[in-house]
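**Q** have a look; sequence and predicted model below, questions after that.
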Amino acid sequence: MDLSTSMRTDMCGRLTTADIGRTITVCGWVDRRREHGEHLAFVDLRDHTGVLQCVIDGSRDLRSEYVARMTGVVRPRPEGTVNPDLATGEVEVDVASVEILSQAEPPPFPMDERTSVDETIRLRHRYVDLRKNRMQRNLRTRAVVNSTIRRAMEEQGFVEVETPMLIASTPEGARDFVVPSRKEPGSFYALPQSPQLFKQLCMVGGIDRYYQIARCLRDEDLRADRQFEFMQLDAEASFVNQEDVFEFISRAVADVVEAVAGERPAEFPRISWSDSMERFGNDKPDTRFGMELVELTAIFEGTGARVFQADCVKGICLAGGAESLSRNQIDSLVEDCKRWGAKGLAWMRVVADDNATATLDAGVAKFLSVEESAAVIEALDAVPGDMVFLVADTRRLVQRVLGMLRLALGRPAVDEGGLKFLWVVDFPLFDALGEDGSPIPAHHPFTMVHPDDMEKLDAGGEALLDVRSQSYDLVLNGWELGSGSVRIHRSDIQGRIFELLGIGAEEARAKFGFLLDAFRFGAPPHAGFAFGIDRLTALLLGEENIREVIAFPKTQSGADPLTNAPGPLDAGQLEELGLRVIPRAT
């Protein structure tokens, strides 16, 4: 692609031996200057394509990060000075003219990628940080992700539709960001947590297949994979089922991976939510490594060891753990498990006895019978030198604690182990029962019931927790990329769900009136999905934090060091909006 302009003929990082003898003009930032004798200097000129060595008159005042335009003849580097680590390392430019386009103060931090810089300082001067190769790579890769998504969706018949940013507040699981209305003092807009209701309205409107690269906003605590503002592919389609959704989303994601990594991923496997919880202890399993949770409850039926007299006992095995883990590390893991909610953590080394038979040693092994020890070793497929960890408690707590312990012991770095995609299906429709006995929805209340579980809605009580939904998540390397579901489009089923949730007609109308009204005029069966573009891009680039693939992110505290947001409004603005700030109680 020709990226030259009237100010330049070539890009710095694109010149090779094929250009020797050409007179060229390049523009960029001074990356580094090295004096060479009394009258010559080597200047590395940098643009987003790379670095080019330029030989200039040593009297010219060119300093770090000055912006310059240079014209000269491309020539081969002298023998012995070729830089094999540089794309342009075989050539240099004998500069005839230099034009300083902009002078610069010394940068606020070294531009060397190997130098660690405090994140707050980087974000305060993000306009300088963006010049680094890493950020250039990340943002340009993100652009490839976006364009590939658009192409994949449009090739599958999806139409891009923009939805509003100023909407009514609707319950979606997190706090809304709200915007005061100047025209209606005391009234507020909400910024969308997702386009969920609007994309369903698009289905009622006959769009048939909608998509949007949507900006979403949620007022929730930040972490490595979460920002107040995030971007997602949002998609919805009519007259489709769950299998159709898997097909068009898998196609889009596979296209993205191929465009970025150069290799198309294999077919995405599936696992049910219940299997995921039993085998991995969470609903977004990292399948790059084994160490799965193993059911041991039957082994301890009638056991004399009080610590294992519980509803559920599970274990994991750390290969080589008997030698690799120190006692201090083990004690730290025990404290971690207590912090996660367990009463404790049973740990035992696997050793060989005098007959070279594997047996359990240390920890609580002395409380186990010979038969119990042998059964645990067999179930965990353990061998001498391994370490086994067991937790006994309620099933949900055992799953959660051992799932977190598994990740603490074995999870690879974010850029190791390849890309392991997984569809998680058949999530429960309800998470738990509230104090009044009504079920608490696991997702939004428009999620369709699994067809095989429709009759269970009449069972009531704890039996409702066994009702499955037609909802699904896409997981990559233990990160939840996104989620979706088949939606309820029938008024009788929707009414039954509202009834179970304790949502009366008046409350339903107050919260979802415009959607319910739309459904009265003919709603097609529809289903959808949304996945986080920030998360997908970060994982493809081996980044541990999505802030590294966002041009202007917030810090973990939610602050913007660049613009000093959030900040107060002056008295005149508050008065115009009809607002008064009440000091927070101390």
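**A** Received the coordinates, thanks. Numbers count the residues shown, from 1 in each chain.

**Q** can you pull out the helices in the stretch 251-400 of the chain?
**A** Assigned by DSSP state H, counting those that start in this stretch, the helices in the stretch 251-400 of the chain fall at 273-280, 321-324, 327-339, 370-380, 395-410.

**Q** give the other helices and strands that the longest one contacts.
**A** Which is helix 395-410. Identification of packing neighbours for helix 395-410 by 3 or more Cβ pairs under 8 Å, 6 or more residues apart in numbering; DSSP states H and E yields helix 273-280, strand 312-318, helix 327-339, strand 387-393. In short, each C-beta sits where N, CA and C put it, glycine included.

**Q** deepest of these, which one?
**A** Each of the helices and strands packed on helix 395-410 was scored by mean neighbour count; the highest is strand 387-393, a mean of 25, by mean count of other Cβ atoms under 10 Å.

**Q** now it: mean pLDDT?
**A** Model confidence over strand 387-393 averages 97 on the pLDDT scale.

**Q** likewise for stretch 73-82?
**A** The predicted model gives stretch 73-82 an average pLDDT of 96.

**Q** now do that stretch: everything it contacts.
**A** Defining contact as Cβ atoms under 8 Å, 6 or more residues apart in numbering, one finds that stretch 73-82 is touched by 15, 17, 19-24, 53, 83, 89-94, 96.

**Q** save the helices of the stretch 251-400 of the chain as a markdown table, and put in distance to Ala254 too.
**A** Rendered in a markdown table, the data for the helices of the stretch 251-400 of the chain read as follows (distance: least, Cβ to Cβ, whole Å):
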| stretch | distance to Ala254 |
| --- | --- |
| helix 273-280 | 22 |
| helix 321-324 | 37 |
| helix 327-339 | 37 |
| helix 370-380 | 36 |
| helix 395-410 | 26 |
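
**Q** nearest to Glu154, of those?
**A** Between Glu154 and these, the shortest separation by Cβ to Cβ is 32.0 Å, and it involves helix 273-280.

**Q** any residues touching that closest one, and which ones?
**A** With Cβ under 8 Å, 6+ apart, helix 273-280 has contacts from 271, 282-287, 292-293, 295, 396, 399, 403, 406, 424-428, 468.

**Q** now it, how far from the centre of its chain.
**A** 21 Å (Cα atoms, centre = their mean, to the nearest Å).

**Q** and the angle for that helix with helix 395-410?
**A** Here helix 273-280 runs at 50 degrees with respect to helix 395-410, directions being taken by axes from the mean of the first three to the mean of the last three Cα atoms, to 10 degrees.

**Q** the inter-axis angle of helix 273-280 versus strand 312-318?
**A** On the basis of the same axes, to 10 degrees, helix 273-280 is oriented at 50 degrees to strand 312-318.

**Q** tell me the mean pLDDT over helix 273-280?
**A** Taken as a whole, helix 273-280 has a mean pLDDT of 98.

**Q** for stretch 203-215, same thing?
**A** Model confidence over stretch 203-215, given as mean pLDDT, is 97.

**Q** and for the nearest residue to Gly37 once chain neighbours are set aside, the neighbour number?
**A** Across the structure, with Cβ to Cβ, 6 or more residues apart in numbering as the measure, the residue nearest Gly37 apart from its sequence neighbours is Gly58 (7.2 Å). Residue crowding around Gly58 was assessed by other Cβ atoms under 10 Å; the count is 15.

**Q** wait, Gly58 sits on Arg34?
**A** No: Gly58 lies out of contact with Arg34 (Cβ atoms under 8 Å); the separation is 10.3 Å.

**Q** where do the contact lists of the two overlap?
**A** With contacts defined as Cβ under 8 Å, 6+ apart, the residues shared by Gly58 and Arg34 are Ala41.

**Q** any idea how far Val364 is from Asp353?
**A** In this structure, Asp353 and Val364 are 18 Å apart, going by Cβ to Cβ, to the nearest Å.

**Q** look at those two and report which has more neighbours.
**A** Using other Cβ under 10 Å as the criterion, Asp353 and Val364 rank with Val364 on top: 17 against 10.

**Q** now the helices for the stretch 451-586 of the chain?
**A** The residue ranges that make up the helices of the stretch 451-586 of the chain, judged by DSSP H, counting those that start in this stretch, are 491-501, 505-519, 533-541, 571-577.

**Q** residues of the shortest one that come out buried?
**A** This points to helix 571-577. Residues of helix 571-577 classed as buried: Leu577 (neighbour count, 16 or more other Cβ atoms under 10 Å).

**Q** now, of the contacts of stretch 73-82, which are buried?
**A** Buried by 16+ other Cβ under 10 Å: 15, 19, 24, 53, 89-93, out of the contacts of stretch 73-82.

**Q** now, which of those sits nearest Arg223?
**A** If you rank the buried ones among the contacts of stretch 73-82 by distance to Arg223 using Cβ to Cβ, Gly89 comes first, at 40.8 Å.

**Q** once you drop chain neighbours, what's closest to the closest one?
**A** Of all residues not flanking Gly89 in the chain, Asn83 sits nearest, at 3.4 Å (Cβ to Cβ, 6+ apart).
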